[in-house]
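Visitor: Here is the input, now give the coordinates:
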Amino acid sequence: KVLQDCLTNYMKTSDADKAALVFDANQSIKSKTITDVPLKGIYLTYIDVLNGKPIDDANFEITNKKEKFYLLNKATNSEELNYYGFSDGENFYINVSKYASSKHYAKTEIINGKYYIENVIYNSNNAIAMGAMFGLIGVAIASAASDSSTPMLIDCYTGQPSFLSNSEMKVMLSPYPELLKEFKDSNKSSLERKEILKKYYQATLGQ
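Guide: Residues are numbered from 1 along each chain as shown. As a prediction, this is how the structure comes out:
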C-alpha cells in the first residue's frame with residue numbers, strides 16, 4: 001500500500017517538480033551549527049536541510065488551518081505530505097504525519113540544535129513504524145508518549161524525534177534539582193516546558 005501510494009503521488013506530480021535522486025551511502029553533510037531558519041524552499045529529507053539544498057517552491061502554496069500547515073500543489077490542487085519540510089524564509093515547517101494523529105506540517109523553533117514543535121498529538125499506531133526507523137530508541141520514544149498533545153523535539157542533525165512527556169522531562173532534569181522542582185511545581189503547559197527546556201540547555205552548556 002505504501003509503494004502504491006508513492007507511485008500514485010509520483011504520477012500526479014508534474015515533471016518540473018520531480019527530482020531524480022541518486023542514493024549515495026557516503027553522502028557528505030556540511031558541518032555547521034544550525035541556528036538559522038533553512039533557506040526558502042521545499043526539502044525532501046533532513047539531509048537536504050543540513051546541506052541547504054531545497055527544491056523550488058514556486059508551484060506550491062502554504063495554507064494554514066488553525067496552526068496546522070499544509071503544502072498545496074497548485075498544478076494538481078492537492079496537498080503534498082511526502083516532503084520532510086519546507087521553509088518560507090522566516091519559519092521552518094516539519095512534516096509530523098509520521099508521529100501525529102493528523103497529517104500536516106508544524107511550525108518549528110530552533111532550540112540548541114533541535115527543532116521544537118509546540119504541540120504534537122502522538123499517534124500510538126505509529127509505534128511500530130518509529131521502532132523500524134529508530135530501533136529500540138523509537139520504541140522507547142513511543143512508550144514514553146501519550147495520546148495527549150505534547151511538545152516535540154527533532155534533532156537537527158539526525159532527524160531523531162523525542163517527545164517532552166512528563167517522564168521524559170523528569171529524566172532530563174534529574175541532574176538539576178532546581179529545574180526539576182520548577183517543572184514539578186509548574187502547570188506543565190507547553191510554554192512552561194519550553195522555558196524550562198531553554199534553562200536546561202543553558203545549564204548544560206555552562207558546564
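
Visitor: From one end of stretch 45-56 to the other, what's the distance?
Guide: End-to-end distance of stretch 45-56 (CA to CA, to the nearest Å): 14 Å.

Visitor: Please read the previous query as pertaining to stretch 74-94.
Guide: Taking CA to CA as the criterion, the two ends of stretch 74-94 lie 20 Å apart.

Visitor: pLDDT of it, averaged?
Guide: Taken as a whole, stretch 74-94 has an average pLDDT of 91.

Visitor: Can you list the buried residues in that stretch?
Guide: 80, 83, 84, 85, 86, 87, 92, 93, 94 (16 or more other CB atoms under 10 Å). The way it works is simple: take the backbone N, C-alpha and C, and place the C-beta from them, glycine included.

Visitor: Could you list the low-confidence segments of this structure?
Guide: Residue ranges of the chain with pLDDT under 70: 1-35, 122-148, 206-207.

Visitor: quick revisit: filter the buried residues of stretch 74-94 down to just the ones in strands.
Guide: Applying DSSP state E to these, the entries found in strands are 85, 86, 87, 92, 93, 94.

Visitor: Between all of those residues, which two are at the greatest distance?
Guide: Greatest spatial distance among these (CB to CB): 87 and 94, at 10.1 Å.

Visitor: which SS state does residue 202 fall under?
Guide: helix (DSSP: H, G, I helix; E, B strand; the rest coil).

Visitor: ok, it - how many residues close by?
Guide: 11 (other CB atoms under 10 Å).

Visitor: same deal with residue 205?
Guide: So residue 205, with other CB under 10 Å, has 8 neighbours.

Visitor: Name the nearest residue to residue 113, sequence neighbours excluded.
Guide: residue 156 (5.1 Å; CB to CB, 6 or more residues apart in numbering).

Visitor: any idea how far that neighbour is from residue 84?
Guide: 12 Å (CB to CB, to the nearest Å).

Visitor: Now do the strands in the protein.
Guide: Taking DSSP E as the criterion, the chain contains strands spanning 41-43, 60-65, 68-73, 78-79, 85-87, 92-95, 105-111, 114-121, 149-155, 161-163.

Visitor: Which among those strands is found nearest to residue 203?
Guide: Minimum separation from residue 203 across these (CB to CB) falls at strand 105-111, 13.6 Å.

Visitor: Now do the closest one against strand 60-65, angle only.
Guide: Counting by axes from the mean of the first three to the mean of the last three CA atoms, to 10 degrees, strand 105-111 lies at 90 degrees to strand 60-65.

Visitor: Not counting strand 105-111 itself, show me its contacts.
Guide: Strand 105-111 has contacts (CB atoms under 8 Å, 6 or more residues apart in numbering) with 34-37, 67-71, 85-86, 91-96, 100, 115-120, 153-154, 156, 194, 197-198, 201.

Visitor: What's the PyMOL line that selects buried ones from these?
Guide: The buried residues among the contacts of strand 105-111 can be selected in PyMOL (16+ other CB under 10 Å) with this line:
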select buried, resi 34+68+69+70+71+85+86+92+93+94+95+96+100+115+116+117+118+120+153+154+156+194+197
